[in-house]
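A.B. asks: okay, here's the prediction I keep looking at, along with the sequence it came from:
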Amino acid sequence: MEESFECGIALAGTEVKSIKDGRISFPDAYGEVRSGEIWLKNFRIAEYVFASVFGHDPDRPKKLLLHAQEIKRIDRKAREKGFTLIPLSVYLKRGLIKVELGLCKGKKAYDKRADIKERDIDREVRREFRARDW
């Protein structure tokens with residue numbers, strides 16, 4: 001992760017209630033800069049159970065609220081090769097829902113191989129400990 005930003009998020013009333021209930025999912029969510037605005041895609045907020053027929057669409061893109069200078073700076077960085085905007089966390093701050101947005105760089109192939117090797121070694125060590133335990 002290169003840098004992180006605290007963003008506001010434009011939500012409907014039932015979306016706020018669902019988030020306060022903890023009914024959100026964003027494992028494959030990402031941010032996209034479009035026409036001077038940052039939009040959050042694949043950020044799912046489940047429908048509020050007690051809402052009437054006029055609830056919200058769970059999969060609609062959400063607009064993030066930032067200053068114009070911050071958006072320009074993020075846009076310049078995000079256009080660099082390999083950078084992506086990823087939501088890291090969602091939290092409440094003084095009654096407002098905030099999203100921590102991270103500017104992240106993808107892994108290179110050799111980094112992935114090193115992680116796979118570490119994971120395999122760790123798995124083998126755990127197997128050995130289990131075998132000795134019996």
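C.D. replies: Everything's here; your move.
A.B. asks: so what pairs up with the most centrally placed residue in the chain in the strands?
C.D. replies: Nearest residue to the geometric centre of the chain (CA atoms, centre = their mean): Pro87, 2.3 Å. Taking DSSP bridges as the rule, Pro87 bridges to Leu101.
A.B. asks: wait, what's in contact with it?
C.D. replies: Phe26, Ala29, Tyr30, Gly31, Leu40, Phe43, Val99, Glu100, Leu101, Gly102 (CB atoms under 8 Å, 6 or more residues apart in numbering). All C-beta spots, glycine's among them, are computed from the backbone N, C-alpha and C.
A.B. asks: I'd like to know which of those are buried.
C.D. replies: Neighbour counting with 16 or more other CB atoms under 10 Å marks Phe26, Ala29, Tyr30, Gly31, Leu40, Phe43, Val99, Leu101, Gly102 as buried within the contacts of Pro87.
A.B. asks: can you flag which of these belong to strands?
C.D. replies: In this view, these that belong to strands under DSSP state E are Tyr30, Gly31, Leu40, Val99, Leu101, Gly102.
A.B. asks: Glu2: which of the contacts of Pro87 is nearest?
C.D. replies: Gly102 (7.8 Å; CB to CB).
A.B. asks: thought that closest one was touching Cys7?
C.D. replies: No - contact between Gly102 and Cys7 fails when scored by CB atoms under 8 Å: they sit 10.7 Å apart.
A.B. asks: farthest pair within the buried ones among the contacts of Pro87?
C.D. replies: Phe43 and Gly102 (13.9 Å).
A.B. asks: and the strands in the chain?
C.D. replies: Residue ranges of the strands in the chain, as given by DSSP E, are 3-9, 24-25, 30-34, 37-41, 44-45, 62-65, 83-93, 96-105.
A.B. asks: top helix in this structure by residue count?
C.D. replies: Assignment by DSSP state H gives helix 109-133 as the longest helix of the chain.
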